[in-house]
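Visitor: task: produce atomic coordinates for the following.
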Amino acid sequence: MKIAAIDVGTTKIVAIVGTIVNDQVEVDYLETSESLGVKVGEVINIPQLTDCINRIVKEIENKYSYKMSEVYVGI
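Guide: A predicted model of the protein is given here:
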């Protein structure tokens, strides 16, 4: 089973996709991107942040041919 997560920080966004094996996650794909619209952990510009998240999701989907249908997101 695959699992996907996105961590949104003030300076960068990290997207990770992994496979659950024996109650542990083995990383399959990892991408980072610039974060815009967040300042000191607070979302200050929703459209900018949405664009950044969409960009990194599309990058994972295009680069690795993996469709992210469910994603855990942390801000």
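Visitor: beta partners of the nearest residue to residue 30 once chain neighbours are set aside?
Guide: Among residues not flanking residue 30 along the chain, residue 16 sits closest, at 5.1 Å (CB to CB, 6 or more residues apart in numbering). Every C-beta, even on glycine, is put in place using the N, C-alpha and C of the backbone. Residue 16 forms beta bridges with residue 5, residue 30, as assigned by DSSP bridges.
Visitor: count of neighbours near residue 16?
Guide: Residue 16 has 19 neighbouring residues, counting by other CB atoms under 10 Å.
Visitor: please tell me how far it sits from residue 57.
Guide: Distance of residue 16 to residue 57, given as CB to CB, to the nearest Å: 12 Å.
Visitor: give the residues shared as contacts by these two.
Guide: Common contacts of residue 16 and residue 57 (CB atoms under 8 Å, 6 or more residues apart in numbering): residue 6.
Visitor: circling back to that earlier point, surely the residue nearest to residue 30 meets residue 29?
Guide: Yes: when contacts are counted by CB atoms under 8 Å, residue 16 is listed as touching residue 29 (7.0 Å).
Visitor: could you check how far the residue lying farthest from the centre of the chain is from residue 1?
Guide: Relative to the centre of the chain, and counting by CA atoms, centre = their mean, the farthest-placed residue is residue 22 at 23.4 Å. Per CB to CB, residue 22 is found 12 Å from residue 1.
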